[in-house]
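In: Sequence plus the predicted model coming up.
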Amino acid sequence: MIVNKIQNKNQGLIDTLVNHNNQLKQIENKFEFITNNFANSSHVKEIVEKTKEIGNHAYGSPRPHKSWRELLLLLIAGSAVVLILVKIYKKFALPRVKYFIRKIDRSNSTRASSISEQVEMRRQSNKNKNKLDNKTMVTDSQLKDQLVRIHSMMRTINENMPKIKGPFRAEQTGGS
């Protein structure tokens, strides 16, 4: 009796497997029918022909211009090269240019210790020049007024902060 029950259960499982297999075959047949009919339709054939034409045009004949992707890649690569060149310029060339400019400025400038000496040197340099540009040159009186204002500001700072010792004290600059 137990053997009959086991055989009945096994037969039931086999029957369900056969039913599922038959249903899968029916689904496959329907899928094949649909795909065959769709592939044979005129709409699909037109799409396939157009894609073939586009493919032949794009890859078969020489293109007079580059594609957008190639242009974008060229733009990105070009900007990267420019950025690298700018960074190299800032790191190596620009400090050298600034150094030489500072060196030339230092060699051309002469330093005077007091305001009166600075004014006197300014007068001598103006006498040596034949042409004066009124727009860019500062007159002696304007220079003297500016230097007097700077000296008075330094003196007030020194009076307000008497504990500070350094090159900015009025007594050390030799000014009057």
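Out: That came in fine, so what should we check first?

In: Name the nearest residue to Arg144, ignoring sequence neighbours.
Out: Quick fix: residue 144 is Lys, not Arg. Val119 (5.2 Å; Cβ to Cβ, 6 or more residues apart in numbering). To be clear about C-beta, it is placed using only N, CA and C from the backbone, and glycine gets the same treatment.

In: count of neighbours near the one you found?
Out: Residues lying near Val119 (other Cβ atoms under 10 Å) number 17.

In: List the contacts of it.
Out: Contact analysis of Val119 by Cβ atoms under 8 Å, 6 or more residues apart in numbering lists 140, 143-144, 147.

In: so which helix or strand takes in it?
Out: Secondary structure assignment for Val119, by DSSP states H and E: helix 115-128.

In: Quick check: buried residues in that helix?
Out: Across helix 115-128, burial judged by 16 or more other Cβ atoms under 10 Å covers 115, 118-119, 122.

In: Restrict it to CA atoms and write it as PDB.
Out: Below are the C-alpha coordinates for helix 115-128, written out as PDB (Å, rounded to 0.1, in the frame of the first residue of the first chain):
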ATOM      1  CA  ILE A 115      62.900 113.200   3.000                       C
ATOM      2  CA  SER A 116      65.000 116.100   2.100                       C
ATOM      3  CA  GLU A 117      67.500 113.900   0.300                       C
ATOM      4  CA  GLN A 118      64.700 112.200  -1.500                       C
ATOM      5  CA  VAL A 119      63.300 115.500  -2.700                       C
ATOM      6  CA  GLU A 120      66.800 116.600  -3.700                       C
ATOM      7  CA  MET A 121      67.400 113.400  -5.700                       C
ATOM      8  CA  ARG A 122      64.000 113.900  -7.400                       C
ATOM      9  CA  ARG A 123      64.900 117.400  -8.400                       C
ATOM     10  CA  GLN A 124      68.200 116.200  -9.900                       C
ATOM     11  CA  SER A 125      66.500 113.500 -11.800                       C
ATOM     12  CA  ASN A 126      64.000 116.000 -13.200                       C
ATOM     13  CA  LYS A 127      66.800 118.300 -14.300                       C
ATOM     14  CA  ASN A 128      68.600 115.500 -16.100                       C
END
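
In: can I see the domain layout of this structure?
Out: Domain assignment for the chain, taken from automatic domain parsing, gives 1-40, 73-109, 114-176.

In: Brilliant, that's me finished.
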